[in-house]
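Undergrad: What follows is a protein structure lacking sequence information:
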Ligand SMILES: Nc1ncnc2c1ncn2[C@@H]1O[C@H](COP(=O)(O)OP(=O)(O)O)[C@@H](O)[C@H]1O
Ligand code: SF4
Ligand SMILES: [Mg+2]
């Protein structure tokens, strides 16, 4: 059993302008001791996914469908009493800007001790010792002295270390890190990531690392989900996402990060703006920004297609490729029977249409019976 199993999660904000479908049919699982990356541009639904798990959505936000199981226990509609035993104890979260989470009027020591006293059965003296131990663990020098200082006396990187210490003080099974390094400069970013990686190995917890930066993913994640407009467009092992991206959006993200290959070449940002979540199109939400969009992309959303056991993507390009490689069978006699070359011709003019796609199978799909868990 996975430590965390999210199935068909849907979260909306009910605003005066209408229902904002911020998270739309999101499914993933997280195994004990693994690091899962959630990647996507700003506004893609990463934080709302995390806040749904923690059930700390802003007033107008509601989970409207799906299931979130932690250790087999359903959290959706479990109620605040149950969530209080989970939040901060079994699942902790750290935010992008530690200043918003730290109280500027209390010392770091008092805040750390409060968290420990609230979430563990320790007494005051034990909480003090634990707080010092945690500061040492996250490489804060002279922890006893630092305990007496206020947040403003800490640098941004040091404050984030304190937040990590606070989140880890009760040894959670899952640490959700929501863009924990975004507000920091590059060198400090690297140090914090390294720290998280080593703590993860040492303590054996699972991490959900939320980021808009694929570079962060490369450094620390085992599995990755890529989100666009509230949905997962691609998911797989970090290696698969990096070396074999199969969604045009992920490919765009890859082209926009600096690598040794791109030295001396211009990085290509993804142009255009994300779709308005109040007016979701029928087709692929990335179509207006996709250089390779086809007619079918405007008409219909691609279903999730298994690329292999470790990888799935929702992009029509994979169906097109499968046609071109002869890996797709058309098994409905109502369809015009075409040889491979004429099928490829049809692709060029009108690309795989709705009717064909519903009645075709890629080899990878048909050979993966039983791996159907991933199929939706
Ligand atoms: N409090 C809110 N009220 C209304 N809509 C919201 C609210 N918070 C988030 N949203 C909507 O959800 C979308 C996803 O937000 P979020 O998960 O914070 O994105 P990100 O991927 O940057 O973390 C936003 O683009 C916005 O449309
Ligand atoms: S489904 Fe079509 S529009 Fe969407 S990313 Fe793939 S090719 Fe581009
Ligand atoms: Mg966010």
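TA: That came in fine, so what should we check first? It should be emphasised that the depicted structure is a prediction, and the values quoted were computed from it without experimental measurement. Ligands and ions are numbered 1, 2, ... in the order given.

Undergrad: so what pLDDT did residue 278 get?
TA: For residue 278, the model assigns a pLDDT of 89.

Undergrad: and it, how far is that from residue 236?
TA: 30 Å (Cβ to Cβ, to the nearest Å). To be clear about C-beta, it is placed using only N, CA and C from the backbone, and glycine gets the same treatment.

Undergrad: likewise residue 140?
TA: 36 Å.

Undergrad: And the two? Which one has more around it.
TA: Remark: of residue 140 and residue 236, residue 236 carries more neighbours, 25 against 20, as counted by other Cβ atoms under 10 Å.

Undergrad: I figured the more buried one hits residue 305, correct?
TA: No. Counting by Cβ atoms under 8 Å, residue 305 is not a contact partner of residue 236; they are 11.7 Å apart.

Undergrad: intersection of neighbour lists for the two?
TA: 312, 313 (Cβ atoms under 8 Å, 6 or more residues apart in numbering).

Undergrad: dump the residue contacts of the closest residue to ligand 1 within the stretch 251-376 of the chain.
TA: Relative to ligand 1, the nearest point of the stretch 251-376 of the chain is residue 277 (4.7 Å; Cβ to the nearest ligand atom). Neighbour list for residue 277: 20, 21, 22, 43, 229, 230 [criterion: Cβ under 8 Å, 6+ apart].

Undergrad: In PyMOL, select just the buried ones from these.
TA: Buried residues among the contacts of residue 277 (16 or more other Cβ atoms under 10 Å), as a PyMOL selection:
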select buried, resi 20+21+22+43+229+230
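
Undergrad: Show me the contacts of residue 277 that map onto strands.
TA: The strands, defined by DSSP state E, take in 20, 21, 22 from the contacts of residue 277.

Undergrad: residues in contact with the strand or helix carrying residue 50?
TA: Using DSSP states H and E, residue 50 falls within helix 46-54. Residues from elsewhere that reach helix 46-54 (Cβ under 8 Å, 6+ apart): 4, 6, 9, 11, 22-23, 26, 38-40, 57-58, 61, 63, 68, 75, 83, 87, 91, 93, 176, 178-179, 208, 210-212, 227, 230.

Undergrad: out of these, which touch ligand 1?
TA: The subset of the contacts of helix 46-54 within reach of ligand 1, counting by Cβ under 6 Å from any ligand atom, consists of 22, 40, 58, 61.

Undergrad: Backbone dihedrals for residue 295, please?
TA: phi -60, psi -40 (degrees, to the nearest 10).

Undergrad: How many residues are close by it?
TA: 15.

Undergrad: Phi and psi next, for the nearest residue to residue 245 once chain neighbours are set aside.
TA: Spatial nearest neighbour of residue 245, chain neighbours left out: residue 251 (4.9 Å); criterion: Cβ to Cβ, 6 or more residues apart in numbering. When read as degrees, to the nearest 10, the backbone of residue 251 gives phi -60, psi -40.

Undergrad: measure residue 251 to residue 26 for me?
TA: Distance from residue 251 to residue 26, by Cβ to Cβ: 21 Å.

Undergrad: Neighbour count: these two, which is higher?
TA: Higher neighbour count among residue 251 and residue 26: residue 26, with 23 against 18, using other Cβ under 10 Å.

Undergrad: okay but the more buried one is in contact with residue 38, surely?
TA: No. Contact criterion Cβ under 8 Å: residue 26 and residue 38 do not qualify, at 9.3 Å.

Undergrad: if I look at the two, which residues touch both of them?
TA: 49, 225, 227.

Undergrad: Now do the closest residue to the last one other than its chain neighbours against ligand 2, distance only.
TA: Think residue 227. Nearest residue to residue 227, sequence neighbours excluded (Cβ to Cβ, 6+ apart): residue 40, at 3.7 Å. Distance, residue 40 to ligand 2, using Cβ to the nearest ligand atom, to the nearest Å: 13 Å.
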